[in-house]
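Student: no sequence for this one, just the structure:
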């Protein structure tokens, strides 16, 4: 089991709290928690599991969450994207392919990162993901009753999300984790994401019939499902000598 190492990353006057484990070389995995009371804490078992498969793994708290500074009300989808870029650019070795794992709201952040890093992204794992109207990207989250909430609660506004186009063009490995009961993400969102990912990516739908929306907690408490997810995301990829093609190299992981 790889030891977790704490780090902090500066961003726009704030300090983002993170942890890392594992060696560089096969891939760098970044785990992105959801909104509300989400934090890196519940994702630490996944950090360890990815590190055990020869990956460098990172998880961090977005500003206003966990041990990071900043105010949650001032966070936005744009700032989430920029914070993830700041962490990856500072802590992911430049030669590593990227594996992006997003929970709930971070489904949108993963799509934004796919657009930013392009073919360097070898795999995406989307866990009960959300996507949002482009009008919401710059708007601070506020306290739940402001413009951001109005925009994302507008029926079908998510259908204009650039995330759907980004995932429809994505050609790497993609795993969509779908809980049996999700009271947060409408089924139409999940169906649209599956349709987009099925166009070009090497796609797998990973169902957890007994799970609810908060899959970070589910994976924390269900080691067998957690390890199966890690295997699904890393299994059968090309070697690291060809990271531009979206490969995750063979450092002893199953099926590589």
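Tutor: Everything's here; your move. In this text the structure is predicted, and so the values were computed from the model without any measurement. Numbering: from 1, shown residues only.

Student: Can you tell me the SS state at residue 25?
Tutor: Assigned by DSSP: H, G, I helix; E, B strand; the rest coil, the conformation of residue 25 is coil.

Student: That one and residue 200, how far apart?
Tutor: 27 Å (C-beta to C-beta, to the nearest Å). Where C-beta positions appear, they are placed from N, C-alpha and C, glycine not excepted.

Student: and if you look at residue 37?
Tutor: From residue 37 over to residue 200 (counting by C-beta to C-beta), the distance is 35 Å.

Student: Tell me which of those two has more neighbours.
Tutor: Each of residue 37 and residue 200 has its neighbours counted (other C-beta atoms under 10 Å); residue 200 has more, 14 against 11.

Student: Tell me who's in contact with that one.
Tutor: Shown in contact with residue 200 (C-beta atoms under 8 Å, 6 or more residues apart in numbering): 168-171.

Student: Now do the strands in the stretch 1-150 of the chain.
Tutor: For the stretch 1-150 of the chain, the strands defined by DSSP state E, counting those that start in this stretch cover 5-11, 14-21, 28-32, 56-60, 98-103, 121-127.

Student: and the third one, average pLDDT?
Tutor: When the per-residue pLDDT values of strand 28-32 are averaged, the result is 98.

Student: can you list contacts of that strand?
Tutor: Contact partners of strand 28-32, identified using C-beta under 8 Å, 6+ apart, comprise 40, 43, 46-47, 50, 55-60, 62, 80, 84, 87-88, 91-93, 96-103, 106, 109-110.

Student: Just the buried residues from the residues you listed, in PyMOL please.
Tutor: Buried subset of these, written as a PyMOL selection, criterion 16 or more other C-beta atoms under 10 Å:
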select buried, resi 40+43+46+47+50+55+56+57+58+59+60+62+80+84+87+88+91+92+96+97+98+99+100+101+102+103+106+109+110
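
Student: How much space separates residue 162 from residue 27?
Tutor: Note on residue 162: its distance to residue 27, by C-beta to C-beta, is 25 Å.

Student: And those two? Which one has more around it.
Tutor: Higher neighbour count among residue 162 and residue 27: residue 27, with 31 against 16, using other C-beta under 10 Å.
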